[in-house]
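Novice: coordinates for the following, if possible.
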Amino acid sequence: MALEEKQSQEVRPHYGTIGCVLAIAGLFAGGMIAVAVGKLVGRLQRCTPAEGLPACDYEVYLLVGMLVGALTLPGLTLWKMRRKQSPTTNSGRS
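Specialist: The predicted structure follows:
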């Protein structure tokens with residue numbers, strides 16, 4: 001009887017785990033993209049970065065990009081996942 005109850009329960013993803021993993025991925029991805037944008041802006045401004053640095057003022061671009069990436073990637077993914085689970089009203093009308 002307990003086995004039947006377990007099978008009848010709906011399998012739901014662990015949103016906390018998914019969000020944490022995607023936050024780490026978004027942190028790195030956002031930082032890399034932002035430094036690339038900073039490098040492009042530096043070239044347009046004709047700024048020469050110091051020896052061994054990728055761009056002028058890369059710290060600002062890096063921190064902002066990391067913050068944006070860590071918030072948007074998990075946020076948008078979880079929003080999309082929860083949206084797929086909600087029943088649609090037009091699904092039975094075909």
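
Novice: A34 and V68, how far apart?
Specialist: 7 Å (CB to CB, to the nearest Å). The C-beta positions use only the backbone N, C-alpha and C, and glycine is treated the same way.

Novice: ok, now T17?
Specialist: 22 Å.

Novice: who's more crowded, the two?
Specialist: The residue with more neighbours, out of T17 and V68, is V68; 17 against 9, by other CB atoms under 10 Å.

Novice: ok, that one touching G30?
Specialist: Yes - counting by CB atoms under 8 Å, G30 is a contact partner of V68 at 5.1 Å.

Novice: so which bits of stretch 36-45 are buried?
Specialist: Under the neighbour-count criterion of 16 or more other CB atoms under 10 Å, stretch 36-45 has G38, K39, G42 buried.

Novice: not counting sequence-adjacent ones, nearest residue to the second one?
Specialist: Take K39 and drop its neighbours on the chain: the residue closest to it by CB to CB, 6 or more residues apart in numbering is A55, 4.1 Å away.

Novice: phi first, then psi, for the one you found.
Specialist: phi -160, psi 160 (degrees, to the nearest 10).

Novice: thanks a lot, catch you later.
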